Every structure is written in C-alpha cells, then in structure tokens.
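Engineer: based on what follows, work out the 3D shape:
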Amino acid sequence: MFGSAPPPLDWFTADDSVLGVALVFPLQGSAGIFGPTCELCARLAAEEVNRAGGVLGKELRLLPVDGGAPPSVVADHVEALVDLGVVQGVTGWHISSVRQALAPRIAHRVPYVYTALYEGGEHTAGVFLTSETPRDQLRPAMGLLAHERGVRRWFVVGNDYIWPRRTARAALGYARESGAAVCGQSYLPLGTHDFDGVLRRIERSEADAVLMLLVGSDAVRFNRAFAAAGLDERCLRLSTLMDENMLMASGPSTTSDLFSTAGFFASLANQDTLDFHGRYAGRYGVEAPALGSLGESCYEGVLLLAALIARAGSLDVSAIGAAADTVSYEGPRGLLHLRGSHVRQRIYLARAEGVDFDVVAELDLHGSRP
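Structural biologist: A predicted model of the protein is given here:
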C-alpha cells in the first residue's frame with residue numbers, strides 16, 4: 001500500500017538473492033503531496049526490471065525510507081540499512097538538503113541515483129543524477145519568456161535552503177542575458193502558510209513575472225494566495241518544480257498564466273509517454289495519483305540504477321563509476337545517456353490550463369552544461 005510508513009530497521013535482513021535498494025521519497029512535509037506518485041512509479045520500474053531478469057541475476061527489491069524527515073534522520077536511516085547489508089543501492093526524489101546529508105555517508109559504499117531536479121554542481125563520486133539543472137531547465141525558459149512575453153522584471157520566491165538560493169543566484173545571470181533583471185527575492189521556511197508579506201513586496205516591486213522555487217504544498221498555498229490577491233492578472237509565474245498533483249491541489253482558478261519547465265509532462269503526446277501512461281494505469285488503475293515529472297523521475301532512477309550496475313557487472317562503486325559514461329537506458333523520457341554523472345535529456349516548457357499542462361515548446365539547450 002503506497003503512503004504507508006516504512007518498516008522498522010529490525011524488520012529487514014540481508015538476502016544474497018535480492019538486490020536491496022533504499023527508495024528515499026517524501027512521506028511527510030511540503031513534498032509529501034507527490035510522495036505517493038514517487039513510490040508507485042518506482043515500484044512499476046522495479047517490477048519491469050524484475051520481469052526482464054532482475055539485476056545481476058538478483059531480484060530488485062525497494063525498501064521505503066521517508067525522505068521528508070529531517071536530513072540527518074534520513075541519512076542515519078539509510079546508512080544503517082547499508083551497514084546491515086540490506087541495501088546495495090539508493091535512489092529517489094528528496095530535497096537537496098537530504099542529498100547533501102546522505103551523499104557523504106553512503107555514496108562511496110553503494111551507488112546513489114538522485115532523481116530530483118536540483119541546483120547543479122554535484123560531482124561526488126558514486127552519485128548519479130537523472131533530473132534537470134538550472135542551466136538546462138531555467139535559462140532557456142527565462143530567455144523564451146523574455147522574448148515571447150516581454151518579461152523584464154522578475155521576483156524570486158523560494159523556500160529557504162540550498163536549491164532555491166543557488167538557483168536564484170543563477171537566475172540573476174539568466175535574467176541579464178535576456179535583457180531583464182531580478183527586482184526582488186524572498187525566502188521562506190518549508191511549511192509556510194502566510195504569504196501576505198511577500199505578496200505585498202511583489203506588488204510594490206512592479207514585477208511582471210515571478211520565479212517560484214517553492215516545494216510541493218508550499219507552492220500550492222502560494223498559488224492560491226497569489227490568485228486571491230489578484231496578482232495573476234499582472235504577473236506570470238514560472239516554476240521549475242510544479243507537477244499535475246500540485247496543479248490539482250492549487251485548483252483551476254489559481255493557475256492562470258502559470259508556466260512550468262521539466263523533462264517530462266504527462267500531457268506529452270509522444271509514444272514513450274503514451275506507453276508509460278498505459279502501463280501505469282494498467283498496474284494501478286485510473287484512480288491512481290496523477291503522473292507528473294516529480295513522480296516519474298523515480299521511475300527513471302530505478303532504471304538508471306539497474307543500468308549502471310548491469311553495465312559494470314558489479315556492485316562496486318568504483319567499477320560503476322568507471323563505466324558510467326557508457327551507460328544508456330530507455331524510459332518515458334526516451335533513450336537517455338549519462339555524461340559526467342548527469343543524464344542528458346530534452347526539456348520542455350508548459351503552460352497550465354486549469355489543472356493540466358499544455359506543452360508549448362521544447363527548449364533550446366545549446367551550450368548547456370550541468
């Protein structure tokens with residue numbers, strides 16, 4: 001059953017016939033809104049890997065870990081699983097603060113595939129990344145909106161941790177490249193409910209666009225407050241972390257002129273996406289949590305972890321790292337290749353239409369680097 005609490009550590013035992021993988025995804029907090037989709041997508045990938053013969057002749061088995069807990073707690077939990085020999089790999093969507101706590105503890109011991117979009121710059125040996133970085137995701141989106149919509153004044157609203165702050169720092173340069181400027185910034189704790197102060201600042205700034213770097217339910221509450229204040233009539237919004245579950249929670253009356261950029265949207269009308277929809281619905285039914293880029297990234301994480309281990313023919317992190325740049329795999333985002341520990345992929349810009357996304361452009365990534 002998805003959304004259930006993970007079993008206690010003493011429930012697990014090492015099994016030589018099983019390849020244990022810690023699936024670290026949010027069961028609580030701001031990101032908990034898309035946790036169920038993360039789990040279902042990862043489990044679908046694991047079932048498909050196992051039907052194809054598993055990994056190194058072993059069954060791939062996912063063990064849930066609550067990535068919404070405090071970073072040190074998550075790191076303690078996963079390290080204990082590694083110490084016990086219960087897991088031989090780690091993957092999942094969790095915020096950068098968790099990745100920073102976790103990577104030094106386990107990445108030199110087991111392969112760690114991180115699936116969340118992030119701020120860029122992660123090059124710890126043993127860490128492999130499937131998702132978007134600001135240079136690929138945000139830079140072309142800001143440039144396109146400046147050209148097509150005449151955006152000249154951005155206001156940044158983000159949660160107060162490394163991903164929003166580092167991304168906003170990059171956005172200052174991207175704005176200048178397109179003839180625009182960042183006219184204000186505000187950073188709020190995870191779990192914020194009161195946005196009155198920042199909304200007044202946005203109104204006074206005369207911004208014509210807001211860059212939203214808010215996580216999960218924080219973004220949902222901001223969307224509602226933004227629309228209630230009437231700011232959706234004068235400012236467009238751009239988010240690099242916004243999926244269909246968050247749109248539905250926000251409500252159709254709050255998503256006017258809201259844009260999102262990602263490597264996957266459920267509304268993409270290509271064969272890879274349509275096939276994925278069919279398998280997901282066939283496995284979980286039409287009442288399952290909505291597909292979106294955040295949950296789907298966990299499917300990518302399981303596929304990449306399996307491909308890395310299979311290519312190396314070993315669980316040794318050094319051997320996996322040595323073979324990494326020759327690894328490719330095929331999933332809902334198409335045929336993807338690993339370069340410099342990062343997956344290279346197409347990135348799209350979509351505009352919200354009620355509680356769904358209309359993909360309006362594939363972004364030009366020429367010259368982009370992680």
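Engineer: give me the number of residues near residue 34?
Structural biologist: 29 (other CB atoms under 10 Å). C-beta coordinates here come from the backbone N, C-alpha and C atoms, glycine included.
Engineer: tell me the pLDDT at it?
Structural biologist: Here, the pLDDT recorded for residue 34 equals 93.
Engineer: ok, the one 5 residues further on next?
Structural biologist: pLDDT for residue 39: 98.
Engineer: how close does it sit to residue 158?
Structural biologist: Applying CB to CB, to the nearest Å, the value for residue 39 to residue 158 is 26 Å.
Engineer: could you do residue 118 as well?
Structural biologist: Taking CB to CB as the measure, residue 118 falls 13 Å from residue 158.
Engineer: what segments of the stretch 1-150 of the chain are helices?
Structural biologist: Counting by DSSP state H, counting those that start in this stretch, one finds helices in the stretch 1-150 of the chain at the ranges 35-51, 71-83, 96-106, 134-149.
Engineer: tell me the most buried of the ones you listed?
Structural biologist: Highest mean neighbour count among those (mean count of other CB atoms under 10 Å): helix 35-51, with a mean of 23.
Engineer: so how far is it from its chain's centroid?
Structural biologist: In terms of CA atoms, centre = their mean, to the nearest Å, the centre of helix 35-51 is found 16 Å from the chain centre.
Engineer: can you tell me how far the residue nearest to the spatial centre of the chain is from residue 95?
Structural biologist: By CA atoms, centre = their mean, the chain has its centre lying nearest to residue 116, at 3.0 Å. From residue 116 over to residue 95 the distance is 7 Å, taken as CB to CB.
Engineer: tell me who's in contact with residue 266.
Structural biologist: Neighbouring residues of residue 266 by CB atoms under 8 Å, 6 or more residues apart in numbering: 244, 273, 277, 290, 291, 292, 296, 357.
Engineer: ignore the last one, residue 334
Structural biologist: Residue 334 sits next to 270, 272, 345, 346 when contact means CB under 8 Å, 6+ apart.
Engineer: what does it show for phi and psi?
Structural biologist: Geometry field for residue 334 lists phi and psi as phi 100, psi -170, criterion degrees, to the nearest 10.
Engineer: got it, and residue 347?
Structural biologist: Main-chain dihedrals, residue 347, degrees, to the nearest 10: phi -130, psi 140.
Engineer: gap between it and residue 117?
Structural biologist: Distance from residue 347 to residue 117, by CB to CB: 10 Å.
Engineer: joint contacts of those two?
Structural biologist: The contact lists of residue 347 and residue 117 share 132, 137, 262, where a contact means CB under 8 Å, 6+ apart.
Engineer: which helix in this structure runs the most residues?
Structural biologist: Assignment by DSSP state H gives helix 293-312 as the longest helix of the chain.
Engineer: got the angle for that one vs helix 35-51?
Structural biologist: Note on geometry: by axes from the mean of the first three to the mean of the last three CA atoms, to 10 degrees, helix 293-312 and helix 35-51 are set 30 degrees apart in direction.
Engineer: need the CA coordinates for helix 293-312. PDB is fine.
Structural biologist: What follows is helix 293-312 as a C-alpha-only set of coordinates in PDB (Å, rounded to 0.1, in the frame of the first residue of the first chain):
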ATOM      1  CA  SER A 293       7.600  14.800 -13.700                       C
ATOM      2  CA  LEU A 294       8.400  14.500 -10.000                       C
ATOM      3  CA  GLY A 295       7.000  11.100  -9.500                       C
ATOM      4  CA  GLU A 296       8.100   9.900 -12.900                       C
ATOM      5  CA  SER A 297      11.700  10.800 -12.000                       C
ATOM      6  CA  CYS A 298      11.700   7.900  -9.600                       C
ATOM      7  CA  TYR A 299      10.900   5.500 -12.400                       C
ATOM      8  CA  GLU A 300      14.000   6.900 -14.200                       C
ATOM      9  CA  GLY A 301      16.000   6.500 -11.000                       C
ATOM     10  CA  VAL A 302      15.300   2.800 -10.800                       C
ATOM     11  CA  LEU A 303      16.100   2.200 -14.500                       C
ATOM     12  CA  LEU A 304      19.300   4.100 -14.300                       C
ATOM     13  CA  LEU A 305      20.500   2.300 -11.200                       C
ATOM     14  CA  ALA A 306      19.800  -1.000 -12.800                       C
ATOM     15  CA  ALA A 307      21.600   0.000 -16.000                       C
ATOM     16  CA  LEU A 308      24.600   1.300 -14.100                       C
ATOM     17  CA  ILE A 309      25.000  -2.000 -12.100                       C
ATOM     18  CA  ALA A 310      24.400  -4.200 -15.200                       C
ATOM     19  CA  ARG A 311      26.900  -2.200 -17.300                       C
ATOM     20  CA  ALA A 312      29.600  -2.500 -14.700                       C
END
